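Novice: model this:
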Amino acid sequence: MLKYSSSGYYSCLAVILVVIGWSATVEAIDCFKCVSMNGRFPACDDPFHNNHSLQMLESPCMGGRKGRDGLFPATSCIKIAGVFDDTGETITVRGCGLDSGTATTDTEIIRMSHCGRFYYDERYVHGCLQSCNDADACNNSHKLQHNISALLLTIAFILYTS
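Specialist: Predicted coordinates for the structure are as follows:
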């Protein structure tokens, strides 16, 4: 026959509450998604005005990940703005992305912003690629947060039952 031990029950409950209270949460970032070639979609171009752009806001923004199928919650917003070298056409692309976990910064589009020449759709573009992750539609992401209130409640519970 099993014996019921209230101190063992409370200890187990306390451990579960500590794990739940200290677990971290993260939410995906919201980003504007649009493309404007040669000024054909002025709402997407710079200067960007958030007057009638809610139809361009993707919440949460989802993106692909290298070597994986499907879409995943994005961690950064990106913007590409430049001029095609061959035709002089302008391009503005707003979207989102996420880190795929490769070892080097130069293989991850979201790890650093840069300006210069780069390939887009097999054509040279002179412009800038910018990434941000400090705010929703920065093009505010909630940072990792620990559930402090649950942790404090757990500590109070442990002290009360001891």
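Novice: quick one, grab the pLDDT at the nearest residue to C34 once chain neighbours are set aside.
Specialist: Counting by C-beta to C-beta, 6 or more residues apart in numbering, C44 is the residue found nearest to C34 once chain neighbours are left out, at 3.7 Å. To be clear about C-beta, it is placed using only N, CA and C from the backbone, and glycine gets the same treatment. pLDDT, C44: 89.
Novice: got it, and D106?
Specialist: For D106, the model assigns a pLDDT of 59.
Novice: follow-up on the earlier one: the residue nearest to C34 in helix, strand or coil?
Specialist: coil (DSSP: H, G, I helix; E, B strand; the rest coil).
Novice: which residues does it contact?
Specialist: Contacts for C44 (C-beta atoms under 8 Å, 6 or more residues apart in numbering) come out as F32, C34, V35, S36, M56, T92, R94.
Novice: now with 6 Å?
Specialist: C34, S36, T92 (C-beta atoms under 6 Å, 6 or more residues apart in numbering).
Novice: list just the nearest of those to R117.
Specialist: Nearest to R117 out of the contacts of C44 is T92 (C-beta to C-beta; 16.7 Å).
Novice: any idea how far G67 is from the closest one?
Specialist: As defined by C-beta to C-beta, to the nearest Å, T92 lies at a distance of 28 Å from G67.
Novice: of the two, who's got more company?
Specialist: Using other C-beta atoms under 10 Å, the more surrounded residue of T92 and G67 is T92, with 21 against 8.
Novice: show me where this structure has its strands.
Specialist: Assigned strands in the chain, in chain order: 24-25, 31-32, 34-37, 57-58, 62-63, 72-73, 76-84, 90-97, 114-120, 123-132, 145-146 (criterion: DSSP state E).
Novice: deepest of those, which one?
Specialist: strand 31-32 (a mean of 26; mean count of other C-beta atoms under 10 Å).
Novice: who are the packing partners of that one?
Specialist: Packed against strand 31-32, as judged by 3 or more C-beta pairs under 6 Å, 6 or more residues apart in numbering; DSSP states H and E, are no other helices or strands.
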